[in-house]
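[1] Build the 3D model from these lines:
(one chain, ligands or ions: 1)
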Amino acid sequence: MIPGPIEFTPDVLRAMGMPTTSHVAANFIDVFGQAIEDLRKVFLAPSGQPFIVAGSGTLAMDMAAANLIEQGDHALVVNSGYFSDRFAKILERYGAVVTHVHASAVGGAPDLSEVEAALKSIKPKLMTITHVDTSTAVATNVKALAALGRRYETLVVVDGVCATAGEEMRQEEWGIDLALTASQKAIGVPPGLAIIVAGQRAMEAYRKRKTPVGSYYADWTEWLPIMQAYEARKPAYFGTPPVNLVWALQVSLKGILSEGMDARFKRHAKMSSAFKAGMSALGLKQLPISPDLLATTLSAVYYPQGVDKGILKFIDEAGVIVAGGLHPAIRDKYFRVGHMGAVTAGDIIATVGAIETGLSRAGYRFEMGTGVSAAQKSLQS
Ligand code: PMP
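    Sure, this is the predicted structure:
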C-alpha cells in the first residue's frame, strides 16, 4: 500500500509476461493505437495528443519542459513540495526563468490569490501544478488553478503522477494544456512508461518554437509522427517501444474505462475517506492542514505521541507495506499510505488492521478495532 508502484491486476501482469512481439507486428500496432485512443478518454481530453514513451514520470516532466520552454521563457511553479521543486529544476535546465509560489506551511497548498498575483505580474508562458504532492498527500485545486491559467493566458501543465486515473481530473473541461503521469500509480501498470496528453494550445506552442528542442530523446518532432502512425494502425519506428508495457497499458486502460471515470473517481474518494476515518478514530492526525486539501489517492498520517518510524516494521510484519515520510522537514514524523488503482474495501480494512497491530506493538494505547470499525462504517455509508 505504498504510493507506487501499486498492486497490479492479474490481467495486467499477464500482459507483462506474454511473449514479446515485434514493435511493428500487426497485433501490437493495433494495441498501441488502441492505448493512444483510450488515453484521451481516461484524461477526458477528446482532442488531446497522447505520447506514450519508455521512461519514468520524470521523463514525462522533462518532455513537457523540453518541448514547451525556450531560453529565457518565464515559468511559474505552483509549489506544493518535493516534485514541484523537481519540475522547477527541469524547467531551468531548458532555460526557463522560474518563479515559485510556495505553500505557507508544510501540509498546505499555495494560495490562489498569490498565484493570481504572480500570473498578473510575471505573465509566464507556462505554469506547473503538482496535482497530488506525493510527499505530503496534499491535493491542489487544479480546477481553480487551471481557470486562473486560462484567464492569464499561460499554458497550464499538470503533474498527475500521483493522481491521474484516481483523483478527479477533467483535462479539456478544466482547461489543462498538458497533463502527464507515469505508469506505476493509478494508471495501474508496472514502472517504465512516461505518459503525456498535450492539448491543442500546447501543441501550438510547440509548433511555434523558434529554436530546436534541446533534448534528442524527448523531442516531439521525433515522437509525434510515431504516435500518429500507431493511431492510424501503421508501422513506425523512432526508439523501440517497451512492447509488453504498452500491451499492459492497453489492458489497464480498458479496465479503467469499463469501470468508468466518474465511478472510478468516486471509488477512490470512498476508499480514501474510509482509510482516513480509520486513522482519525485511532486519534492519528493527517498531514494536510485542511480537509479540502486531502488527496484521494494517498494519505499522509503523523505518528501519534510516543510512536516513531520503528512502527513501519511492525506494520510490515502484520502483512502490509506502507511508506515512510518523504518531506525533508518532517521525514521521521509521519508515514504514507497509497490507496489507488485497483484498491478494494478489503485492502483498506486489512491496512487499517495492520496499522492497529503496529500501533499496539509500539505501545500506543487505544481500543483494538476502533479504526477498523470506523473504516467499515465509512465504507457502508
Ligand atoms: N511527480 C510526482 C507527483 C511523483 O509522485 C513522482 C514519483 N513518485 C514523480 C513526479 C516522478 O516520477 P518517477 O519516479 O516515475 O520518475
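[2] Across the sheet, point out what pairs with Ala194.
    Val53, Ala182 (DSSP bridges).
[3] ok, now how distant is it from Thr240?
    Applying Cβ to Cβ, to the nearest Å, the value for Ala194 to Thr240 is 15 Å. In short, each C-beta sits where N, CA and C put it, glycine included.
[4] With neighbour numbers in mind, choose between these two.
    Ala194 (24 against 10; other Cβ atoms under 10 Å).
[5] List the contacts of the more buried one.
    Contact analysis of Ala194 by Cβ atoms under 8 Å, 6 or more residues apart in numbering lists 51-60, 63, 180, 182.
[6] For the protein, what lies in contact range of the ligand?
    4, 56-58, 83, 130, 134, 159, 161-162, 182 (Cβ under 6 Å from any ligand atom).
[7] What's the nearest residue in this structure when you look at the ligand?
    Gly57 (2.6 Å; Cβ to the nearest ligand atom).
[8] Pull the number of nearby residues for the residue lying closest to that residue once chain neighbours are set aside.
    Once flanking residues are discounted, Gly57 sits nearest to Ala182: 3.2 Å by Cβ to Cβ, 6 or more residues apart in numbering. Using other Cβ under 10 Å, Ala182 is surrounded by 27 other residues.
[9] Looks like Ala182 contacts Pro191 (just checking).
    Yes: counting by Cβ atoms under 8 Å, Pro191 is a contact partner of Ala182 at 7.0 Å.
[10] tell me, what's touching the two both at once?
    By Cβ under 8 Å, 6+ apart, the residues touching both Ala182 and Pro191 are 4, 56.
[11] Could you tell me which of the residues of the chain next to the ligand belong to strands?
    Taking DSSP state E as the definition of strands, the residues of the chain next to the ligand contribute 130, 159, 182.
[12] can you redo those as a markdown table with pLDDT and distance to Arg14?
    Below are those laid out as a markdown table (pLDDT from 0 to 100; distance: Cβ to Cβ, whole Å):
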| residue | pLDDT | distance to Arg14 |
| --- | --- | --- |
| Thr130 | 98 | 33 |
| Asp159 | 98 | 30 |
| Ala182 | 98 | 21 |
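[13] can you pull out the helices in the stretch 101-250 of the chain?
    112-122, 142-151, 171-174, 200-207, 220-231, 243-259 (DSSP state H, counting those that start in this stretch).
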